[in-house]
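*Asks:* Next come a sequence and a model predicted from it.
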Amino acid sequence: MQFSDELILLLKARYPLIYISTQEEDRVEYIIRKSVQTFLNRSIFTWDFIDGYNVNSTNHNNLAKKNPLQALEFIEPFISETSNVFILKDFQKFFSDIAIIRKIKNLLRIIKFQPITIVIIASSILIPDELKELVTIIEFQLPQLKEINKEIEKVLISLNQKIDFKIIENLSQACQGLSLERIRRVLAKIITTYKTIDERSINLILQEKSQLIRQTEILEFWSTSEKLSSIGGLENLKTWLNKRSNSFSEQATNYGLPIPRGLLLVGIQGTGKSLTAKAIANDWKLPLLRLDIGRLFGGFVGESEERVRRMIDLAEALSPCILWIDEIDKAFKESKTDSGTTNRVFSTFITWLSEKKLPVFVVATANDISLLPLEIIRKGRFDEIFFIGLPTFEERKRIFQIHLSILRPESWHLYNLSLLSEKTENFSGAEIFQSIIEGMYFAFYEKREFTTNDILLGVEQIIPLADVDKEKINKLQQWAFSGRIRLASKLI
């Protein structure tokens, strides 16, 4: 149900106290006024702590300024006279005053049978226990695609500019999660910077989103330049991802495709799980949010549960996006001795994974799947679980080629990739890269260009993790190859 429809329904049903949580105070007030004027014959009075009541009558202007109790007393004379809506801004700040709580309860006892409604507009939900049964909360959503499209079209008309519908769709998706005021500001910034609106505009929109995320301590906004084509191997995983690269588009929705939920990447450290998460965001042109699960846990009672709800709200507000959760298995392992906080936090999180409706594609990584409870790995939480093992011979050649072509774009083909691949069996992608760096240090010290032999010397300096913990790695690889999990690489 649309916000305006729900609001009118509650007003007609004579709900006495409505609570609206939003950062868009002006926008919600505009919608309330427009809805009431269109569908109801009611007067509207607005109050805030600094200016008091703001009405047409000079007798009432600035009344109850800096006096919240008087703001409530102002409502009493209107009982049984006319139909009215009283908008009180930031009124939750005064709920610690027993006189305010008592006055509200006394008022509601009377006005619940009258065509009078008190509407509290607040930036956060803060309702004392004494009022919970009396308050009705309405969710006020951020601008949806249709509303964002209209805003972009207004700007295009003012510029006398026409652009491809696909660009408008990408811009609208990029703007999701921003308030209307922020969208207007960033569009003004785009015009000031580029004098036009085109695909370059998306970068400025993402910068605006990063500003929003910096204000929280839960999620991090990551900019990334990695591409799936720059990752050696993982062909099965790449094919799976490429088939879903356009799944957040309007065409996919019209086709009837459900929004993809996400991906769990399990495997050995250094094999490219985190790199894949970054590459997905870049290839799909979606913002990348990184969640450190440790940040969800606070020291106060109820703080952790509130943080996970804030994380979910923020991720959904910024959708479509990629939510990257690194080493999710460690969070389970480290928090088994608490007083049930972990269970409550992950119960909320897992439920959201199954039931989320907005396009938040979750990419979680784990090194040890045995630490993950069955609840999170069963079907319905993620679309698929892939195992990323140690690279094969051909994949190692490709990894060497990718790194060397970046470091030496003109001469990478002079290196013996087959020999390097042969000598790095059991090396992860990260260890292969480190062997190149070691070789470069040898040559740099001798003031010459590094060669294949230098890299081989670097290989000798590295003890791969697969040799350090051989039994555990072999057991993990054998479990994956037994057919219990989908493999990211093609077996050659």
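*Replies:* Ah, there it is.

*Asks:* what's the residue closest to the geometric middle of this protein?
*Replies:* A315 (2.3 Å; Cα atoms, centre = their mean).

*Asks:* Number of residues surrounding Q173?
*Replies:* Residues lying near Q173 (other Cβ atoms under 10 Å) number 23. Using the backbone N, CA and C atoms, a C-beta is placed for each residue, glycine as well.

*Asks:* cool, N203 as well?
*Replies:* By other Cβ under 10 Å, the residues close to N203 number 12.

*Asks:* Does it belong to a helix, a strand or coil?
*Replies:* Look at N203: counting by DSSP: H, G, I helix; E, B strand; the rest coil, its state is helix.

*Asks:* ditto for the one 10 residues further on
*Replies:* Recorded secondary structure, I213: helix (three-state DSSP).

*Asks:* tell me the contacts of it?
*Replies:* 219-221, 289, 314, 318 (Cβ atoms under 8 Å, 6 or more residues apart in numbering).

*Asks:* picking that back up, got the contact list for the residue nearest to the centre of the chain?
*Replies:* 219, 289, 321, 323, 360.

*Asks:* Check pLDDT for those and point me to the minimum.
*Replies:* Within those, pLDDT reaches its minimum at L219, with 85.

*Asks:* Which stretches in the stretch 101-250 of the chain count as strands?
*Replies:* 116-122, 136-139, 219-222 (DSSP state E, counting those that start in this stretch).

*Asks:* Mind giving me the packing neighbours of the last one?
*Replies:* Which is strand 219-222. Using 3 or more Cβ pairs under 8 Å, 6 or more residues apart in numbering; DSSP states H and E, the elements in contact with strand 219-222 are helix 201-214, strand 288-291, helix 303-317.

*Asks:* Quick one: mean pLDDT for the longest one?
*Replies:* It refers to helix 303-317. Helix 303-317 carries an average pLDDT of 79.

*Asks:* For it, buried residues please.
*Replies:* 304-305, 307-312, 314-317 (16 or more other Cβ atoms under 10 Å).

*Asks:* Farthest-apart pair in the contacts of I213, please.
*Replies:* Farthest-apart pair in the contacts of I213 is E220 and L318; separation 12.2 Å (Cβ to Cβ).

*Asks:* what residues do those two have in common as contacts?
*Replies:* Shared contacts of E220 and L318, defined by Cβ under 8 Å, 6+ apart, comprise 213, 289.

*Asks:* Compare these two and say which is more crowded by neighbours.
*Replies:* Between E220 and L318, L318 has the larger neighbour count (other Cβ under 10 Å), namely 25 against 16.

*Asks:* quick one: F386 is in a strand?
*Replies:* Yes: with three-state DSSP as the criterion, F386 is located in a strand.

*Asks:* can you pull the contacts of the spatially closest residue to it that is not a sequence neighbour?
*Replies:* Distances taken as Cβ to Cβ, 6 or more residues apart in numbering put A488 closest to F386, at 4.4 Å, once the chain neighbours are dropped. Each residue near A488 by Cβ under 8 Å, 6+ apart is listed here: 233-234, 236-237, 265, 267, 386-389.

*Asks:* so which of the residues you listed comes closest to F450?
*Replies:* Closest to F450, out of all of the contacts of A488 and judged by Cβ to Cβ, is G233, at 24.2 Å.

*Asks:* how far away is the closest residue to the closest one other than its chain neighbours from G232?
*Replies:* In this structure, G233 finds its nearest non-sequential neighbour in E395, 3.2 Å apart by Cβ to Cβ, 6+ apart. Distance, E395 to G232, using Cβ to Cβ, to the nearest Å: 5 Å.

*Asks:* ok, now T351?
*Replies:* T351 is 37 Å from G232, by Cβ to Cβ.

*Asks:* quick one: which of the two has more around it?
*Replies:* Neighbours were counted for T351 and for G232 using other Cβ under 10 Å; G232 has more, 21 against 13.

*Asks:* lowest confidence element among the helices and strands of this structure?
*Replies:* helix 328-334 (a mean of 69; mean pLDDT, DSSP states H and E).

*Asks:* Now do the buried residues in the following helix or strand past that one.
*Replies:* Using DSSP states H and E, the helix or strand that follows helix 328-334 in sequence is helix 341-355. For helix 341-355, a neighbour-count test (16+ other Cβ under 10 Å) marks 341-342, 345-346, 348-350, 352-353 as buried.

*Asks:* didn't the residue nearest to G233 look like it was pressed against S428?
*Replies:* No: contact criterion Cβ atoms under 8 Å: E395 and S428 do not qualify, at 10.7 Å.
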